[in-house]
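**Q** Pasting the sequence and the predicted coordinates here, then a few questions.
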Amino acid sequence: MSALYEPVTLSRDVIGILIPQGTKVELPEGAHGAITQALGGSFTVQVEGHLFRIDGKDADAIGKEVQRGPDIPADASDEELEKAVWAQLHTCYDPEIPVDIVELGLVYDCKIEPAGDGRRRARVRMTLTAPGCGMGEILVQDVKSKVESLPTIAEAEVELVFDPPWNQSMMSEAARLATGMF
């Protein structure tokens, strides 16, 4: 679901992450704002002229439901688990661009490997649209937490790389259409 402009009033204090700096800011109960993007379970909210990313676990603070992760069996095969990891990666969005990180071409590689005791490790190599992006660690943490929420994933290692550097040609055709970058 994506909202272009949905007015909201915060029902409780909540931590928002200032976009694009990546700084955590406590937004007070009663503050008025507007949801400008609601994708992948997180929200971009404009409050007092600034954009903030609100984590999905705090959706209740803006009157939304907290979304559950995918339902996959604990005995899923490596192939099923890899599919689920890619599905989770498709729920990670740049807070300023209404396109997921896979379609943006930011995910270079994803591998599932044994981690012992029947558990597995996911290794993800990804980049950012710009090396100095203040939201980089926020996106990395979003990937890590969503992948680690899957059954049997003991650990998600997310490596942020800048070689090769990202460029618009790495975007899917759908992403280029959505952003108007032909």
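**A** Looks like it came in fine. Residues are numbered from 1 along each chain as shown.
**Q** who touches the longest strand along the chain?
**A** When the chain is parsed with DSSP state E, its longest strand is strand 107-116. The contact list for strand 107-116 (Cβ atoms under 8 Å, 6 or more residues apart in numbering) reads 78, 81-82, 85-86, 89, 101, 120-127, 154-155, 161. C-beta coordinates here come from the backbone N, C-alpha and C atoms, glycine included.
**Q** let's see 6 Å
**A** With contacts defined as Cβ atoms under 6 Å, 6 or more residues apart in numbering, strand 107-116 is touched by 78, 81-82, 85, 89, 101, 120-126, 154.
**Q** what are the ranges of the helices in this protein?
**A** Counting by DSSP state H, the chain has these helices, from start to end: 78-89, 136-148, 173-179.
**Q** Could you give me the buried positions within the shortest one?
**A** By neighbour count, and taking 16 or more other Cβ atoms under 10 Å as the criterion, the buried residues in helix 173-179 are 175-176.
**Q** ok, for His50, nearest residue in space, not its chain neighbours?
**A** In space, and not counting its chain neighbours, His50 is closest to Leu18: 6.3 Å by Cβ to Cβ, 6 or more residues apart in numbering.
**Q** Give me the buried subset of the contacts of strand 107-116.
**A** 81-82, 85, 89, 101, 120-122, 124, 126.
**Q** Just flag the most distant two among those residues.
**A** Spanning the widest gap among these are Ile101 and Arg120, at 21.2 Å by Cβ to Cβ.
**Q** The longest strand of the chain versus helix 78-89: what angle between them?
**A** Counting by axes from the mean of the first three to the mean of the last three Cα atoms, to 10 degrees, strand 107-116 lies at 130 degrees to helix 78-89.
**Q** who's Ile17 bridged to?
**A** In this entry, Ile17 is beta-bridged to Lys24, Arg53, by DSSP bridges.
**Q** How about the contacts made by it?
**A** Neighbour list for Ile17: 24, 53, 138 [criterion: Cβ under 6 Å, 6+ apart].
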